[in-house]
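Chemist: Okay, structure incoming, though there's no sequence with it:
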């Protein structure tokens, strides 16, 4: 049995003026100890999916329209609030995008980590403090600095603190929402390397949200490409990187500038992502797709298995036309 | 070589110790102490508090003991502030009476601050319908002028120190709650609140450990500035006969008696007024200084 199985998850944000379809029928599976990369451009529904797993969608606007989130055999969508609280931070924890704002400015970093341990560990405050210091040392921060406040740390250090906090209770799943976007490139590499090491040592599974395909290539076992709230291509790292099929995935790879060719211009995907409050009929990508036919604009596409371990949501790919 | 290394290590250890100890509060205290006007206010307040708490040490007279033969004595060696219409020593009555004035003012400030924190943080944190309900309730409270509200409440509950405290505090709830609500709303949007929820922290715990500590500064400022106003309201209520009743010495009620003799015997009006004025002056100066110290950005 897999650790986490998301089936047909749909999350909509309903306000008086609009009905935003943020996530539409997403299916994902994460195996124990494996890393799934969730890739897509801004607004594709990656973060909403992640928050959806933890049931942290803003209420009352955010609604689960359908779906199941099976974590260790239990449906999280049916869990009570108390059960959910014991899952958050304990079994599933999350690393946020911006370490500058993810830490409380008026609590020392040691206290913040100890808070999480104390919350779930049911141990004394003194023990929690001790473990917090150990966690800090594990992410490469000297024990003496536990009594310092977040503003005394640099961005990369803060992200280390956030990671220490997320891993403090030995979760079986770590959701990392663009953990390195706010960091500069050299620090990115350090942080990712450290995360990979910690993950390996503890057997933690990870959902890595990013729009950097380079990071995916380095860290993930499986990849899901999201577009307009749908998974449009899903498979193992090798299948996706060596044999991308969906026109959008091809476009993503095509837009990465090549190092060894002398190119004048970049090759972006033309157009913009559709407004999630007014999604087009048929394939969501058809108006930007170079291969689209009239049929694409009218027929809903299914995520279908193209080869073993590789699913694509495109009728023309399935027919072998692309 | 080794000595140098040792010295460096020692220095580094001292430095970390220093940064740890020299926290935010220490800095605030330093800024506060450096503000001369504020310190003057603080000294006034502290002096008053000491005077009131240690009242028996500063006078030999009993504030309740009447001696009609001695009535309306002008300030002199025996009675430094003179005596009132029943021959009681005015200085004794003023410093004993300060106990009531200050205690009621502190009590009312505490009560209204607590209520304000409770209502404001709930409204600000949860938002939506809860917020709407609480805000409308505050609107109703605020629609009534605070002194009028205090008069209404104390005439309904009856006089006495405790009821006066309750009546005064009602007027302060709305302002405190509103301030709290806006502060909490701005904190609620921060990612570390979401991060706290993602670690499984319950709403109550999130508010207590992550939201409230961030609101301490504006809260202290609000409380210290409202003490002055509360003293004024208490004296006002006692002055019109709804607050603390005679023979209990209270500045407002002493003043109310003095009003009758304003043409013939000035000490009975001047001295209680002076006490009220100095107290309010002191607390406002101190409150202002505290605000500058806690939020140095506000000053310029």
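Modeler: Received the coordinates, thanks. Remember, it's a predicted structure, so these values are computed and weren't measured experimentally. Residues are numbered from 1 along each chain as shown, chains lettered A, B, ... in the order given.
Chemist: Please name the nearest non-neighbouring residue to the residue in the stretch 101-250 of chain A that chain B sits nearest to.
Modeler: In the stretch 101-250 of chain A, the residue that lies nearest chain B is residue A:101 (4.1 Å; Cβ to the nearest Cβ). C-beta coordinates here come from the backbone N, C-alpha and C atoms, glycine included. Counting by Cβ to Cβ, 6 or more residues apart in numbering or on different chains, residue B:191 is the residue found nearest to residue A:101 once chain neighbours are left out, at 4.1 Å.
Chemist: how about the residues of chain A near chain B?
Modeler: A:54, A:56, A:60, A:84-90, A:93-94, A:96-98, A:101-107, A:115-116, A:119-120, A:144-145, A:147-148, A:152, A:162, A:165 (Cβ under 8 Å from any Cβ of the partner chain).
Chemist: What is the neighbour count of residue A:243?
Modeler: Residue A:243 sits with 12 neighbouring residues when counted by other Cβ atoms under 10 Å in any protein chain shown.
Chemist: Residue A:241 too?
Modeler: Residue A:241 has 16 neighbouring residues, counting by other Cβ under 10 Å.
Chemist: Just the residues of chain A next to chain B: which are in strands?
Modeler: When the residues of chain A next to chain B are checked against strands (DSSP state E), the matches are A:93, A:94.
Chemist: Helices along chain A, start to end?
Modeler: Chain-ordered helices for chain A, with DSSP state H as the definition, fall at A:46-53, A:81-87, A:109-121, A:125-138, A:155-167, A:185-202, A:213-219, A:237-242, A:247-254, A:294-298, A:315-318.
Chemist: Tabulate those (CSV), appending distance to residue B:149 and mean pLDDT.
Modeler: What follows is the helices of chain A, written out as CSV (distance: least, Cβ to Cβ, whole Å; pLDDT from 0 to 100):
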stretch, distance to residue B:149, mean pLDDT
helix A:46-53, 44, 92
helix A:81-87, 39, 91
helix A:109-121, 41, 89
helix A:125-138, 44, 90
helix A:155-167, 47, 90
helix A:185-202, 57, 86
helix A:213-219, 61, 90
helix A:237-242, 68, 93
helix A:247-254, 64, 91
helix A:294-298, 66, 86
helix A:315-318, 71, 88
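Chemist: Can you add distance to residue B:104 and give those back as JSON lines?
Modeler: Converted to JSON lines, these look like this (distance: least, Cβ to Cβ, whole Å):
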{"stretch": "helix A:46-53", "distance to residue B:104": "49"}
{"stretch": "helix A:81-87", "distance to residue B:104": "43"}
{"stretch": "helix A:109-121", "distance to residue B:104": "38"}
{"stretch": "helix A:125-138", "distance to residue B:104": "38"}
{"stretch": "helix A:155-167", "distance to residue B:104": "46"}
{"stretch": "helix A:185-202", "distance to residue B:104": "57"}
{"stretch": "helix A:213-219", "distance to residue B:104": "64"}
{"stretch": "helix A:237-242", "distance to residue B:104": "72"}
{"stretch": "helix A:247-254", "distance to residue B:104": "70"}
{"stretch": "helix A:294-298", "distance to residue B:104": "76"}
{"stretch": "helix A:315-318", "distance to residue B:104": "79"}
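Chemist: hmm, back to that, please give me every residue in contact with the residue nearest to residue A:101.
Modeler: Remark: with contacts taken as Cβ atoms under 8 Å, 6 or more residues apart in numbering or on different chains, residue B:191 is in contact with A:96, A:97, A:98, A:101, A:102.
Chemist: quick one: average confidence on stretch B:45-53?
Modeler: Per-residue confidence for stretch B:45-53 averages out to 92 on the pLDDT scale.
Chemist: Skip the chain neighbours and tell me the closest residue to whatever residue of chain B ends up closest to chain A.
Modeler: With Cβ to the nearest Cβ as the measure, residue B:199 is the residue of chain B nearest to chain A, at 3.2 Å. Using Cβ to Cβ, 6+ apart and skipping residues adjacent in sequence, the residue nearest residue B:199 is residue A:89, 3.2 Å away.
Chemist: okay, now that neighbour: neighbour count?
Modeler: Using other Cβ under 10 Å, residue A:89 has 27 other residues around it.
Chemist: Could you check the pLDDT of it?
Modeler: In this model, residue A:89 is scored at 89, pLDDT.
Chemist: Likewise for residue B:270?
Modeler: Here, the pLDDT recorded for residue B:270 equals 93.
Chemist: Looking at the contacts of residue B:191, state which has the most neighbours.
Modeler: Counting neighbours by other Cβ under 10 Å, residue A:102 leads the contacts of residue B:191 with 28 neighbours.
Chemist: check contacts around the closest residue to that one other than its chain neighbours.
Modeler: Nearest residue to residue A:102, sequence neighbours excluded (Cβ to Cβ, 6+ apart): residue A:96, at 4.2 Å. Listed by Cβ under 8 Å, 6+ apart, the contact partners of residue A:96 are A:102, A:162, A:177, B:191, B:194, B:195, B:198.
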